[in-house]
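Undergrad: Can you look at this prediction? I've put the sequence above it.
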Amino acid sequence: MRIALVSLAAAAVAAVATPAMADEIRVEGRTGIIWNGSGDEAVAGVAAGYDYDLTKNVFIGVEGSADKILTDHTRVAWGAGGRAGVKLFEGTKIYGSAAWQSKPCRFCNSSVNLGGGVQQSLNKNFYAKAEYKHMLIGDNTPDADVGLVGVGVKF
């Protein structure tokens, strides 16, 4: 039930965050660690999205991603979701996020992710970010957590 409710929330964020023109398009590479209480593994991936300013300090956005757990017998997990947040200072964004992600291995389950992060501009075109996600997996599979850091370019 919670997977269905969070999926609906992620879909609503994505639907609301699809304006005709984006204020900031972004593409990033990222890496981090996934853990679930029985072990941890390295993760690497890419993401692309755009953010739309609702006001001077409030934004919403959509994002697509491709991430892989760096171990044998895993595959790329594709994700789609949205984020909403505030601009605290010049070049600093803090946000909450929700997304759906496909299963990372043949016998794994897909998940819904809830999380948040901070994105800091390094200059006009480049940024760095740190992000945390809690993965709600369901079907009696333990939930997992992911910590990511990344660098990207914005247009």
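TA: That came in fine, so what should we check first?
Undergrad: Strands along the protein, start to end?
TA: 24-35, 40-53, 58-69, 77-89, 92-101, 111-121, 126-136, 144-154 (DSSP state E).
Undergrad: Save the ones you listed as JSON lines, and put in mean neighbour count too.
TA: C-beta here means a position set from N, CA and C on the backbone, and glycine is covered the same way. As requested, the strands of the chain are exported to JSON lines (neighbours: other C-beta atoms under 10 Å):
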{"stretch": "strand 24-35", "mean neighbour count": "16"}
{"stretch": "strand 40-53", "mean neighbour count": "18"}
{"stretch": "strand 58-69", "mean neighbour count": "20"}
{"stretch": "strand 77-89", "mean neighbour count": "19"}
{"stretch": "strand 92-101", "mean neighbour count": "19"}
{"stretch": "strand 111-121", "mean neighbour count": "19"}
{"stretch": "strand 126-136", "mean neighbour count": "18"}
{"stretch": "strand 144-154", "mean neighbour count": "18"}
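Undergrad: got JSON lines for those, with mean pLDDT too?
TA: Listed next are the strands of the chain as JSON lines, based on pLDDT from 0 to 100:
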{"stretch": "strand 24-35", "mean pLDDT": "97"}
{"stretch": "strand 40-53", "mean pLDDT": "97"}
{"stretch": "strand 58-69", "mean pLDDT": "98"}
{"stretch": "strand 77-89", "mean pLDDT": "97"}
{"stretch": "strand 92-101", "mean pLDDT": "98"}
{"stretch": "strand 111-121", "mean pLDDT": "97"}
{"stretch": "strand 126-136", "mean pLDDT": "98"}
{"stretch": "strand 144-154", "mean pLDDT": "98"}
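Undergrad: Quick check: nearest residue in space to Gly45, chain neighbours excluded?
TA: Leaving aside its chain neighbours, Gly45 sits nearest to Asp67 (3.2 Å; criterion: C-beta to C-beta, 6 or more residues apart in numbering).
Undergrad: Distance of that neighbour relative to Asp23?
TA: The span separating Asp67 from Asp23 equals 25 Å under the rule C-beta to C-beta, to the nearest Å.
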